[in-house]
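A.B. asks: sequence unknown, structure follows:
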């Protein structure tokens, strides 16, 4: 009797795990609950660590913050000067262009599925599920953010559905960067008349309104031609080893 019960229990568990892995309907309530638990856990751990750090390293931390504050104030003054000059330039030329970027710090909660390190659930306050966002990590392009079940899902660079507009090399050859679930990225649809070299840097173009122009993506390691275009194999700068905090670009202007 115990063997039959054990066998029945094993089959039930296997069927349940299979449904949980393949069915979005079954996954949705579990993911929502797990993400809420993880978010609460992260907030609690962060609160405790902050309190311990404040009491243990408060004096040293204050000194470091003072040094950073001096640097930030200097940089802020420089940026204010540049912003003022840009504003005067726009005004003088009666330009309607605006520069109102909006960048937000967000937290990674967990991988979307076991075994897939290219898809990550994010915690984004006041998330707008009608848009796609650019995702960065320490000024490097990390991927894009798309809505899935009205929740923010990060598709990191190597995911096959992660794509954005880029420039390649000093000539700023246009192309579209894609992931391929492998170590390297691919930049497709580079016009054949541009000269591309191994080692050329790939940056965002800003033409897709996901990223600012000039954010670093990676460097060219090889080239091939197909149907009148060039394709470049790219070694990305961002490596998704430690998932913690990212920045999303909510507006580029």
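C.D. replies: Nice, I can see it. Owing to the predicted nature of the structure, the values given are computational and were not obtained by experimental measurement.

A.B. asks: quick one: contacts for residue 235?
C.D. replies: Listed by Cβ atoms under 8 Å, 6 or more residues apart in numbering, the contact partners of residue 235 are 183-185, 218-219, 221. C-beta coordinates here come from the backbone N, C-alpha and C atoms, glycine included.

A.B. asks: in strands only, show me those residues.
C.D. replies: Counting by DSSP state E, the contacts of residue 235 place 185, 218-219, 221 in strands.

A.B. asks: identify the residues contacting the closest residue in space to residue 140 that isn't next to it in sequence.
C.D. replies: Spatial nearest neighbour of residue 140, excluding adjacent residues (Cβ to Cβ, 6 or more residues apart in numbering): residue 238 at 4.4 Å. The contact partners of residue 238, by Cβ under 8 Å, 6+ apart, come to 137, 140-142, 156-157.

A.B. asks: name the SS class of residue 238, please.
C.D. replies: Residue 238 carries the three-state label coil when classified by DSSP: H, G, I helix; E, B strand; the rest coil.

A.B. asks: distance of it from residue 231?
C.D. replies: 21 Å (Cβ to Cβ, to the nearest Å).

A.B. asks: on that earlier part again, as a markdown table, the contacts of residue 238 with secondary structure would be great.
C.D. replies: A markdown table is the format used below for the contacts of residue 238 (three-state DSSP):
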| residue | secondary structure |
| --- | --- |
| 137 | strand |
| 140 | strand |
| 141 | strand |
| 142 | strand |
| 156 | strand |
| 157 | coil |
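
A.B. asks: and the two most separated of those residues?
C.D. replies: Within the contacts of residue 238, two members stand farthest from each other by Cβ to Cβ: 140 and 156, at 11.4 Å.
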